[in-house]
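**Student:** this is a predicted model, with the sequence first.
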Amino acid sequence: LYVDGSISTKNIDFYLGDGSTKPIVTTGTRAWDTTTANWLPDNSASGTYQAWSDGVNAIFVGALPSVTVTESINVKTISRESESGTATFATSGGAVVTILDSIDGGGLWFKVDGSIDGSFSITNIAYFLLTAGATVEPGTTITSDNGCDFFRFAWDTPADFSDLTLNVSADNLDIDRGNVVIGTMNGNAGLTGNKASFQVNSLNPGSGASSAGIGSVSASAYANDMVLGSGTHAFDIDYTAQSATNDELTLNGTTGDLTYGGTLNVTLLGGTLAPYATFDLFDAASFSGSFDTMNLPTLTGDMSWDTSKLTVDGSIRVFAPSGTVFRFQ
């Protein structure tokens, strides 16, 4: 574990793959004394111990450890030198690890089997796993770029991550086991995993790791069912040059069931809507439920929104009466 600056252990135990322990050297000449909660000022057994402070920049070196945190601590960044394998972060006794900036995995697997907090990014990680014992604190935000091969939820029992905001960009989001509730998901992603029905309380597709622009969330090749929960689902549409494009959620067309709920907000990004403009927002084998509220772009004249096909093919369209219109007063 390399550290740029001072660090506070708060009783962090580092275990190597073979079960042994050893000092983990920092960027200076200090070493971690595995028998105490202090740093030595140099690599000798003498000298004055120095306490840690929060806000560590942690770099894994040598064999990848399993880290157990027994008291809450703030960690600024986590990265690694050249190792492969899996690094595991666990907590006990109510401790929370707050990650302030980022995790750069350098291709390794990174498992969280404890309680995490913070607003941070993950990059260059083969697998980022939230396991059966993982929990997230309210307000936790994880931003995953397209250098993360898989963001995996892996457990054997249902898990509630309704306090998590997940920003994804071209990642594979792996729903591996059981049922999961995700609070907010922004961006675009390919969904994998055949074993789960899952719920997103607020779904906001976008062109990057945000809800901005046109994007898609797709599980077309996998047997996932999905529930749109009680939050707000923001979908953008565009009709520039009378060409319809839109955010889209796609489930498996043979087996995937989509359940509607919450509020649907549709925003027109560009163009002027015209009669019979159609936007395919959702694609699934079957549809159920309904939105509690739908906020759709304002139309002019006699045009109105036809939402009757949402439970048929997942589309909305602009409707205008043909022929003579009679108004009775």
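**Tutor:** That came through fine.
**Student:** can you show me the CA trace of the strand or helix carrying Asn167 as PDB?
**Tutor:** Element membership of Asn167 [criterion: DSSP states H and E] is strand 159-175. Backbone C-alpha positions of strand 159-175 (Å, rounded to 0.1, in the frame of the first residue of the first chain) are rendered in PDB as follows:
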ATOM      1  CA  ALA A 159     -30.500  -6.600  -1.900                       C
ATOM      2  CA  ASP A 160     -31.600  -3.100  -1.500                       C
ATOM      3  CA  PHE A 161     -29.300  -0.400  -3.000                       C
ATOM      4  CA  SER A 162     -32.000   2.200  -3.300                       C
ATOM      5  CA  ASP A 163     -29.500   4.700  -1.700                       C
ATOM      6  CA  LEU A 164     -27.100   4.200  -4.700                       C
ATOM      7  CA  THR A 165     -26.700   6.500  -7.700                       C
ATOM      8  CA  LEU A 166     -24.900   4.700 -10.500                       C
ATOM      9  CA  ASN A 167     -23.600   6.600 -13.500                       C
ATOM     10  CA  VAL A 168     -22.500   4.200 -16.300                       C
ATOM     11  CA  SER A 169     -21.000   4.700 -19.700                       C
ATOM     12  CA  ALA A 170     -20.800   1.800 -22.100                       C
ATOM     13  CA  ASP A 171     -20.300  -0.700 -19.300                       C
ATOM     14  CA  ASN A 172     -21.600  -4.200 -18.900                       C
ATOM     15  CA  LEU A 173     -23.900  -4.100 -15.800                       C
ATOM     16  CA  ASP A 174     -24.000  -7.700 -14.600                       C
ATOM     17  CA  ILE A 175     -27.100  -8.600 -12.500                       C
END
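**Student:** next, the distance between the ends of stretch 122-140.
**Tutor:** 13 Å (C-alpha to C-alpha, to the nearest Å).
**Student:** kindly state the beta-bridge partners for Met185.
**Tutor:** Beta-bridge pairing of Met185 under DSSP bridges involves Leu166, Leu203.
**Student:** so Leu264 versus Ile125, what's the distance?
**Tutor:** Separation of Leu264 from Ile125 (C-beta to C-beta, to the nearest Å) stands at 33 Å. Where C-beta positions appear, they are placed from N, C-alpha and C, glycine not excepted.
**Student:** so what's the residue count around Thr272?
**Tutor:** By other C-beta atoms under 10 Å, 10 other residues sit near Thr272.
**Student:** so who does the residue nearest to it when sequence neighbours are not counted touch?
**Tutor:** Setting aside the residues directly before and after it, Thr272 is nearest to Tyr239 in space (C-beta to C-beta, 6 or more residues apart in numbering), at 6.8 Å. The contact partners of Tyr239, by C-beta atoms under 8 Å, 6 or more residues apart in numbering, come to 268, 270-274, 277.
**Student:** backbone phi and psi for the residue lying closest to Ser119 once chain neighbours are set aside, please?
**Tutor:** Distances taken as C-beta to C-beta, 6+ apart put Thr141 closest to Ser119, at 4.2 Å, once the chain neighbours are dropped. Main-chain torsions, Thr141, degrees, to the nearest 10: phi -130, psi 130.
**Student:** and Thr141, what does it touch?
**Tutor:** With C-beta under 8 Å, 6+ apart, Thr141 has these contacts: 118-120, 164-167.
**Student:** so what sits opposite it in the bridge?
**Tutor:** Per DSSP bridges, the residues bridged to Thr141 are Ser119, Thr165.
**Student:** before we move on, what about Thr77?
**Tutor:** Applying DSSP bridges, one finds that Thr77 bridges with Asn57, Ser102.
**Student:** state the distance from it to Ser121.
**Tutor:** According to C-beta to C-beta, Thr77 stands 10 Å off from Ser121.
**Student:** what is in contact with the two at once?
**Tutor:** Counting by C-beta under 8 Å, 6+ apart, the common neighbours of Thr77 and Ser121 are 101-103.
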